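1. Take this sequence and fold it.
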Amino acid sequence: MPLPLARCTARTRLDSVQIAWLSEIPRAEHEVPAHRQCQLEARHPCHHAALGQRSGDLEWWICWLESTNPTVMRAARCPTIAGPLRIGTARCLLFEGHPYHHRFDMWPARSET
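-> Just a heads-up that it's a prediction; the model follows:
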């Protein structure tokens, strides 16, 4: 089994307007914490990114550079699916076009039917 990849340690803080906006998206799937850690692999070559909210197949990602305030952008989900795994298949948890390796959940991907 491969070793887990080192995750970027960069962090940012959302302001109350960003938290409220992400929280009020129709059919929002997640609570929105103020403090976020980058979800990309360590030493990635671009801006930092953390999932802000998901609603169905739509995602909003929080993006920032070291010295800037975070912004929210809509991004497509990465289409890569790993499988077959012991427990089914898994879809990459990152956005389409992310750098480096994919990150997969431990749960089976939802049926695309």
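2. Confirm that residue 17 sits in a helix.
-> Yes - counting by DSSP: H, G, I helix; E, B strand; the rest coil, residue 17 is part of a helix.
3. Give me the neighbour count for it.
-> 8 (other CB atoms under 10 Å). For glycine as for every other residue, the C-beta is placed from the backbone atoms N, C-alpha and C.
4. measure it to residue 44 for me?
-> Distance check for residue 17 against residue 44: by CB to CB, to the nearest Å, it reads 27 Å.
5. tell me the contacts of the residue nearest to residue 48 when sequence neighbours are not counted?
-> Leaving aside its chain neighbours, residue 48 sits nearest to residue 38 (3.9 Å; criterion: CB to CB, 6 or more residues apart in numbering). The contact partners of residue 38, by CB atoms under 8 Å, 6 or more residues apart in numbering, come to 7-11, 44, 48-50.
6. And the pLDDT for residue 38?
-> Per-residue pLDDT puts residue 38 at 91.
7. Distance-wise, check it relative to residue 93.
-> 13 Å.
8. Now residue 23: closest residue in space that isn't a chain neighbour?
-> residue 32 (5.0 Å).
9. is it true that that neighbour touches residue 14?
-> Yes - look at residue 32 against residue 14 with CB atoms under 8 Å: they come within range, at 7.0 Å.
10. Residue 20 falls within a strand, correct?
-> No - applying three-state DSSP, one finds residue 20 to be helix, outside a strand.
11. My guess is residue 94 contacts residue 46. True?
-> No - checked against CB under 8 Å, the pair residue 94 and residue 46 is beyond contact range at 11.9 Å.
12. Comparing these two, which residue is more hemmed in?
-> Ranked by neighbour count (other CB under 10 Å), residue 94 and residue 46 place residue 94 first, with 24 against 11.
13. Tell me who's in contact with the closest residue to that one other than its chain neighbours.
-> Nearest non-adjacent residue to residue 94, counting by CB to CB, 6+ apart: residue 78, 4.9 Å away. Taking CB under 8 Å, 6+ apart, we find residue 78 in contact with 91-98, 102.
14. Pick out whichever of those sits closest to residue 59.
-> Lowest distance from residue 59 to the contacts of residue 78 (CB to CB) belongs to residue 95, with 6.6 Å.
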